[in-house]
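**Student:** Sequence plus predicted model, see below.
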Amino acid sequence: MITGIAPAKINLFLRICGKTNTGYHLLDSVIAFTDFGDKLTLNTKPQTGVPDQLYFRGPLARMLAPQQDTGQQDIGQQASHQQNDNADNLVMRAIAAFRTAGGRIGPVEITLEKHIPVGAGLGGGSADAAAALRLVNKCADRPLDDKILYEIAASLGADVPVCLGSYSARVAGIGTKCTPYPVKRVPVLLVNPRQPLSTAALAVHANQLGMPPAHQEHQVGRIGGILGQLHGSQMGFEVVDGQKRPLMECRQRASRD
């Protein structure tokens with residue numbers, strides 16, 4: 001048995017700079033990671049030819065599989081259920097991609113203790129997928145090198161590469177260009193109204209924003225420095241979503257006050 005943490009990420013700012021010919025959005029962001037996050041536990045199975053299994057626990061397990069609400073604390077999901085429209089699919093896809101890329105590991109059982117709210121912009125699904133990659137690579141009979149793991153992460157989503165390393169970084173392009181970026185540890189307060197937002201849906205509307213990238217490089221240090229340097233920096237999806245959700249506008253007013 002091996003356990004790992006999938007820390008939540010925070011975009012200190014986010015700009016959507018354009019779109020590639022293949023439909024991916026070009027991003028410019030500084031991302032930092034918290035001590036708060038999900039917990040994954042991986043067990044390898046002695047049997048062969050049996051499916052991988054993913055179990056949910058924790059206070060927010062129901063956000064992952066509400067249609068499987070059986071009144072029990074744990075909800076089991078077989079690997080064959082990958083067509084379900086749930087964030088947990090990314091964990092199972094990460095394991096499948098690991099094997100496809102040449103990694104060798106037998107059947108696994110993963111327990112995901114869910115603490116990061118779904119659809120909160122904290123990278124919960126991406127962090128879980130990245131943590132799953134780290135865990136299976138540690139337990140694998142044939143592990144993969146860091147370059148291949150990074151390529152797998154990039155194939156899974158824009159936030160997965162930076163979550164794989166879980167270090168503060170300036171992220172550019174489609175999420176694959178991650179440059180270490182110094183951010184000192186500071187206390188933060190995360191407030192979530194339990195109203196999930198679809199990043200994909202917001203991204204469709206973000207195509208009309210046309211926001212330029214941030215060209216000024218700066219060092220983020222003390223909390224005062226963070227507030228001063230990021231003052232006026234825009235969160236790309238706030239413009240899109242602010243008109244639709246009163247809670248978003250309330251949060252914007254509170255942050256200005």
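**Tutor:** Alright, I've got the coordinates. Numbering: from 1, shown residues only.

**Student:** In contact with the closest residue to residue 1 other than its chain neighbours, which residues?
**Tutor:** Nearest non-adjacent residue to residue 1, counting by C-beta to C-beta, 6 or more residues apart in numbering: residue 43, 5.2 Å away. All C-beta spots, glycine's among them, are computed from the backbone N, C-alpha and C. Taking C-beta atoms under 8 Å, 6 or more residues apart in numbering as the definition of contact, the neighbours of residue 43 are 1, 108-110.

**Student:** Surely residue 43 is within a strand?
**Tutor:** Yes - when the secondary structure is assigned by DSSP: H, G, I helix; E, B strand; the rest coil, residue 43 falls within a strand.

**Student:** Narrow the contacts of residue 43 to those that are buried.
**Tutor:** In terms of neighbour count (16 or more other C-beta atoms under 10 Å), the buried residues within the contacts of residue 43 are 108-110.

**Student:** now those residues as JSON lines including pLDDT, secondary structure and distance to residue 93?
**Tutor:** Rendered in JSON lines, the data for those read as follows (pLDDT from 0 to 100; DSSP: H, G, I helix; E, B strand; the rest coil; distance: C-beta to C-beta, whole Å):
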{"residue": "108", "pLDDT": "94", "secondary structure": "strand", "distance to residue 93": "14"}
{"residue": "109", "pLDDT": "93", "secondary structure": "strand", "distance to residue 93": "17"}
{"residue": "110", "pLDDT": "93", "secondary structure": "strand", "distance to residue 93": "13"}
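
**Student:** nearest to residue 142, of those?
**Tutor:** Checking the buried ones among the contacts of residue 43 against residue 142 by C-beta to C-beta gives residue 108 as the nearest, at 14.3 Å.

**Student:** gap between that closest one and residue 50?
**Tutor:** Residue 108 sits 10 Å away from residue 50, going by C-beta to C-beta, to the nearest Å.

**Student:** And the helices in the stretch 101-250 of the chain?
**Tutor:** Counting by DSSP state H, counting those that start in this stretch, the stretch 101-250 of the chain forms helices over residues 124-139, 146-156, 160-165, 199-206, 223-230, 236-241, 246-256, given from the N-terminal end onward.

**Student:** list the helices and strands the first one packs on?
**Tutor:** Of the remaining helices and strands, those touching helix 124-139 by 3 or more C-beta pairs under 8 Å, 6 or more residues apart in numbering; DSSP states H and E are strand 2-19, strand 25-44, helix 89-100, strand 108-113, helix 146-156, helix 160-165.

**Student:** Could you give the number of residues near residue 180?
**Tutor:** Here the number of neighbours of residue 180 (other C-beta atoms under 10 Å) works out to 10.

**Student:** Can you spell out which residues form a bridge with it?
**Tutor:** As for beta bridges, residue 180 partners with residue 169 under DSSP bridges.

**Student:** In contact with it: list those residues for me.
**Tutor:** Taking C-beta under 8 Å, 6+ apart, we find residue 180 in contact with 167-169.
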